[in-house]
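1. this one's structure only:
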């Protein structure tokens, strides 16, 4: 370790980080090494250590280009921006063919259609000059869905309906529906874990695969416990549930051998959620009051629930924006932090424009909506901080597609596009 801090000149530092100014000594050593100097040698060839009154001016090292000298692509401090290069008309040419084939095959082609759209969207997303790639296949999704139907969906249908079909009585019918509800509650977290494991394992950047290594049984047990707490607290545990679920899914996600980490607190969304609950309470009160008010004010009383409904929509959009920012802003990868710049106003304009497009075109504008959503995500997301991309090694993990099939059936949100 350094005896003197190269930034503030503090003597007898004794550790990698200066207790005075917080400067990380190893970063300075790397700065020297990248310029051909040996940090361990005290020679005149190396840059002089500035005095405490003259802090160093540190110019970040540019990333390595193809055919460079082999120096690492690490940079001291930088914001890496995502970019999306897709166009609605290009995706429409893919989407319309997929829609026709899905109809012609009575829905069988749906899995290949979903895969083709993902290939396009992932392939048009770029960071650091390189694009993501999606490696899933329609056959995998089809087989995964078929397995989900056999092992999960059919048992739920039988438990829910068989007692009525065979006339087993009211008690058997109630027990069957209760069993179906319990199984659905268990299969939902299984679908979340399975779909995340599959999609990450089929996604790569610069040839390095992502992966999810969480344990399904552990997540299911926690998910059920969190759901019970939501019920026991009349819904007030819900924001804590959201944060803890995100934490588990993020902390067990990897890019190669580099692990993602979630640093948010369990109660981080409580204030935003309470604001949303308050808005719903106002709407409910206005809705119940309108019947009495109508006796005195007639049709004008309808303005009360309409105004309250607009309040709920506005607060919900604000909550959605705050949740998105909170989740991304507390996600780290090898010391670098993701940063989200979504605002409630921008999210409201996105939702409104998408709704108008879909309604006016009877759904034909779906490709443009998907492109708009992808571009919005890229334009409002960045990766801040130093990260040594070249030090991240391939560490691919196998993943079955059954969970993706379950997610398709339950329409489960797994947090990945």
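-> Received, thanks. Computed from a predicted model, the values in this text were never measured in an experiment. Residues are numbered from 1 along each chain as shown.
2. Read off the pLDDT value for residue 157.
-> Turning to residue 157, the model gives it a pLDDT of 89.
3. swap in residue 152?
-> Turning to residue 152, the model gives it a pLDDT of 83.
4. shouldn't it be in contact with residue 188?
-> No - if you go by Cβ atoms under 8 Å, residue 152 and residue 188 don't touch, sitting 10.5 Å apart. For glycine as for every other residue, the C-beta is placed from the backbone atoms N, C-alpha and C.
5. Which residue of these two possesses the greater neighbour count?
-> With other Cβ atoms under 10 Å as the criterion, residue 152 and residue 188 differ in neighbour count, and residue 152 comes out ahead with 21 against 17.
6. Please name the spatially closest residue to that one (chain neighbours excluded).
-> With sequence-adjacent residues excluded and distances taken as Cβ to Cβ, 6 or more residues apart in numbering, residue 152 is closest to residue 187, at 5.2 Å.
7. One more: residue 311?
-> Per Cβ to Cβ, 6+ apart, closest to residue 311 is residue 279, 5.3 Å.
8. did I read that right, that neighbour in a helix?
-> Yes - for residue 279, which was evaluated using DSSP: H, G, I helix; E, B strand; the rest coil, the result is membership in a helix.
9. what are the ranges of the helices in the stretch 301-417 of the chain?
-> Remark: helices assigned in the stretch 301-417 of the chain by DSSP state H, counting those that start in this stretch are 303-329, 344-361, 366-379, 402-410.
10. how about the closest residue to residue 119 other than its chain neighbours, phi and psi?
-> Counting by Cβ to Cβ, 6+ apart, the nearest residue to residue 119 once its immediate chain neighbours are dropped is residue 134, at 5.1 Å. Note on residue 134: backbone dihedrals following degrees, to the nearest 10 are phi -110, psi 130.
11. So residue 134 sits against residue 125, correct?
-> No - assessed by Cβ under 8 Å, residue 134 is found out of contact with residue 125, at 9.8 Å.
12. For these two, work out which one has more neighbours and name it.
-> When residue 134 and residue 125 are compared for neighbours, residue 125 comes out ahead with 22 against 19, by other Cβ under 10 Å.
13. Enumerate every residue touching that one.
-> Counting by Cβ atoms under 8 Å, 6 or more residues apart in numbering, residue 125 makes contact with 82-85, 131-132, 374, 378.
14. Taking those residues together, which two end up most distant?
-> Across the contacts of residue 125, the longest distance by Cβ to Cβ is 12.4 Å; it joins 131 and 374.
15. With neighbour numbers in mind, choose between the two.
-> It is residue 374, of residue 131 and residue 374, that has more neighbours when counted by other Cβ under 10 Å, with 21 against 16.
16. pLDDT on the lengthiest helix in the chain, on average?
-> Taking residue count as the measure and DSSP state H as the definition, the longest helix of the chain comes out as helix 170-201. Confidence over helix 170-201 (mean pLDDT, whole number) is 88.
17. Give the other helices and strands that that helix contacts.
-> When contacts are defined as 3 or more Cβ pairs under 8 Å, 6 or more residues apart in numbering; DSSP states H and E, helix 170-201 sits against helix 154-165, strand 208-212, helix 216-232, helix 238-251, helix 402-410.
18. go again using 6 Å as the cut-off
-> helix 154-165, strand 208-212, helix 216-232, helix 402-410 (3 or more Cβ pairs under 6 Å, 6 or more residues apart in numbering; DSSP states H and E).
19. Show me where the chain dips below the pLDDT cut-off.
-> Low-confidence segments of the chain, defined by pLDDT under 70, are located at 1-77, 288, 290-302, 304, 395-417.
20. bridging residues for residue 81?
-> According to DSSP bridges, the residues that bridge with residue 81 are residue 382.
21. and it, how many neighbours does it have?
-> Around residue 81 there are 14 residues (other Cβ under 10 Å).
22. what about residue 371, distance to residue 350?
-> As judged by Cβ to Cβ, to the nearest Å, residue 371 and residue 350 stand 12 Å apart.
23. Looking only at neighbour counts, state which of these two leads.
-> When neighbours are counted by other Cβ under 10 Å, residue 371 comes out ahead of the other of residue 371 and residue 350, with 23 against 19.
24. quick revisit: verify the contact between the residue nearest to residue 311 and residue 317 for me.
-> No - applying Cβ atoms under 6 Å as the test, residue 279 and residue 317 come out as separate, 10.9 Å apart.
25. Pull the distance from stretch 226-239 to the chain's centre.
-> Taking Cα atoms, centre = their mean, to the nearest Å, one finds the center of stretch 226-239 at 22 Å from the center of the full chain.
26. swap in stretch 240-257?
-> 9 Å.
27. Contacts for that stretch next, please.
-> The contact list for stretch 240-257 (Cβ atoms under 6 Å, 6 or more residues apart in numbering) reads 208, 210-214, 226, 230, 260-262, 264, 266, 268, 327, 331, 392-395.
28. Confirm residue 83 sits in a strand?
-> Yes - inclusion of residue 83 in a strand is indicated when three-state DSSP is applied.
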